[in-house]
Structures are given as C-alpha cells and as structure tokens.
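Asker: show me how the following folds:
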Amino acid sequence: MMQIENLERVYHLGKANVAALKGVSFNIEDGEFVAIMGPSGSGKSTLMHILGCLDRPTQGRYYLEGHDISKLSDNQLAEIRNKNIGFVFQQFNLLPRMNSLHNVEIPLIYRHTRRSTRLEKAKKALERVGLGERLHHKPSEVSGGEKQRVAIARALINDPSLILADEPTGNLDTRTGNEIMKIFHNLNQQGHTIIVVTHENEIARQARRVIRLRDGLMVGDEVIGSAV
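Answerer: Model (predicted):
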C-alpha cells in the first residue's frame, strides 16, 4: 500500500525553520489497521497530510500503491485523493444546509457522476454505517456520533482502498467513540486499509498496529494483534 522512506517536512516561518518530521520511515501493507499516535506537536497531523496527498515532504520518498507522490502534479494528486483516499475529520466537515444524503454524495459531484447514481451510492454508503433511517436529516438534527457516521459514509462513497481518519473520536464521548472505532474495524474486515491519527492511547490500542511519534521522530512501532 505505502512506503515511507526518511520522510522530512520543514516549514519556513519567517527566518525560522521548523522541522515537523525528521526522517520517518515505515511501510503499511494493504488491509492493515494502523493508529498513528503522539502528543500535540509530535508531527502526526503533518504526516497524515502527506499520506493523504494534501502536502508534500521536504525530503524523503512516499510511495502510494507504487506511485512516487513527489513526482506527481497537483492534478494527479487531486485525482488520487478523489479515487483512492477517503478522509474523516474530527470536526465532521458537513455542510449544515444539506441533509445526510446530499452531504455524502458531494465527492461524486466532482467526478461528474449522474445524479441518480450519486444518490443511490450515497444511500448505500449511509446504510453501511447504520444510518439508513437518517437519509434526510440535516447535521443539526442528528447526534455527534451520527454526524461522524455521515462523514464516514462520505469517505466511503468512492470505495477507496485507504481511509484516513484524523482524531475521529475527538469530539465524541467514550461510548460513541468506541462505536465509531467498531465501524472502522468492520470496514477494515471488508478490505479497507485504515489509518487513524489520535493522541488517545485507548483509541490507538483498538487498531492492530500503533506507530508512535514524538517531536517529529518515530519512536515506536507496535503490532497489537486483534482489534476490537
């Protein structure tokens, strides 16, 4: 799925250079369920942005499904994001005036998919996360856990091989957060590669492997075994 080789990311802030990642290397195979864990400032969000083709490394190589990301154009990166990667964020990023069905169909609009096909796929995606009865509810009409389920359904709409989740339980209580992690576990069993970025040890240990970052360095890579 991906190879990370001596990845570095340096930000130039005025006259200062800030190294967010310092020579990180690891591989992730197809079908893995991985948590990337670290405190604030560890570099985990920077790493997720690079893995999701939202940013490029300053040094090092990132190969995604055989493609050297550093050599791709912005249009090629956008195409990979749209076809191969599903994103789930802590803040849900749902459009407040749209119902669940229309929020989920948005990625297919950018692919110029026919409206009838978009809506059918959006309905099936919502059913996969247990929201078949919430198709026409707006974000203000559902709970926080249901908002995140809508966001997961949106990430699934293009049937991506990779799902990246950045602090997906950060705005949820413990019980609801565990329910969301079970959805990721089920998706992983269905063949999706899952990478969850978190600062919570309890959430990280629900993955099958935990990569730990601190101060831009990789300080641990632990295989846990069976997830929840």
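
Asker: Ile211 falls within a helix, correct?
Answerer: No. Ile211: not assigned to a helix; according to DSSP: H, G, I helix; E, B strand; the rest coil it is strand.

Asker: so what's it bridging to?
Answerer: Here Ile211 sits in beta bridges with Ile36, Asp221, going by DSSP bridges.

Asker: wait, it touches Phe33, no?
Answerer: No. Ile211 is beyond contact range of Phe33, at 11.9 Å (criterion: C-beta atoms under 8 Å). C-beta: built from backbone N, CA, C; applies to glycine.

Asker: and the one residue sitting closest to the centre of the chain, what pLDDT?
Answerer: Central residue of the chain (C-alpha atoms, centre = their mean): Leu164, 1.4 Å from the mean position. With respect to pLDDT, Leu164 has a value of 95.

Asker: check the gap between it and Asn186 for me.
Answerer: 17 Å (C-beta to C-beta, to the nearest Å).

Asker: Arg212 too?
Answerer: Distance check for Arg212 against Asn186: by C-beta to C-beta, it reads 25 Å.

Asker: looking at these two now, which is surrounded by more residues?
Answerer: Arg212 (19 against 13; other C-beta atoms under 10 Å).

Asker: ok, the residue lying closest to the more buried one once chain neighbours are set aside - how many residues close by?
Answerer: Nearest residue to Arg212 in three dimensions, chain neighbours excluded: Gly220, at 3.5 Å (C-beta to C-beta, 6 or more residues apart in numbering). A count of neighbours around Gly220, defined by other C-beta under 10 Å, yields 11.

Asker: against Phe89, how distant is Gly220?
Answerer: For Gly220 relative to Phe89 (C-beta to C-beta), the value is 25 Å.

Asker: and what of Ser140?
Answerer: 18 Å.

Asker: one more: Met218?
Answerer: 23 Å.

Asker: who has more neighbours, those two?
Answerer: Neighbour tally, Met218 and Phe89, criterion other C-beta under 10 Å: the higher count belongs to Met218, 22 against 17.

Asker: thought Ile211 was touching that one, still the case?
Answerer: Yes. If you go by C-beta under 8 Å, Met218 and Ile211 touch, sitting 6.5 Å apart.

Asker: low-confidence ranges, the chain, go.
Answerer: Applying pLDDT under 70 to the chain flags the ranges 225-228.

Asker: can you name the next helix or strand after the lengthiest helix in it?
Answerer: Counting residues, the longest helix in the chain under DSSP state H turns out to be helix 174-189. Next along the chain after helix 174-189, taking DSSP states H and E as the criterion, comes strand 193-198.

Asker: tell me what that following strand is packed against?
Answerer: For strand 193-198, the elements it packs on are strand 33-37, helix 44-51, strand 162-166, helix 174-189, helix 201-204, judged by 3 or more C-beta pairs under 8 Å, 6 or more residues apart in numbering; DSSP states H and E.

Asker: out of the ones you listed, which one sits most buried?
Answerer: strand 33-37 (a mean of 25; mean count of other C-beta atoms under 10 Å).

Asker: any idea how far Lys124 is from the residue lying farthest from the centre of the chain?
Answerer: Using C-alpha atoms, centre = their mean, the residue of the chain lying farthest from its centre is Lys15. It sits 32.6 Å away. Separation of Lys15 from Lys124 (C-beta to C-beta): 53 Å.

Asker: what do you get for Ser73?
Answerer: 32 Å.

Asker: likewise for Asn93?
Answerer: Distance from Asn93 to Lys124, by C-beta to C-beta: 21 Å.
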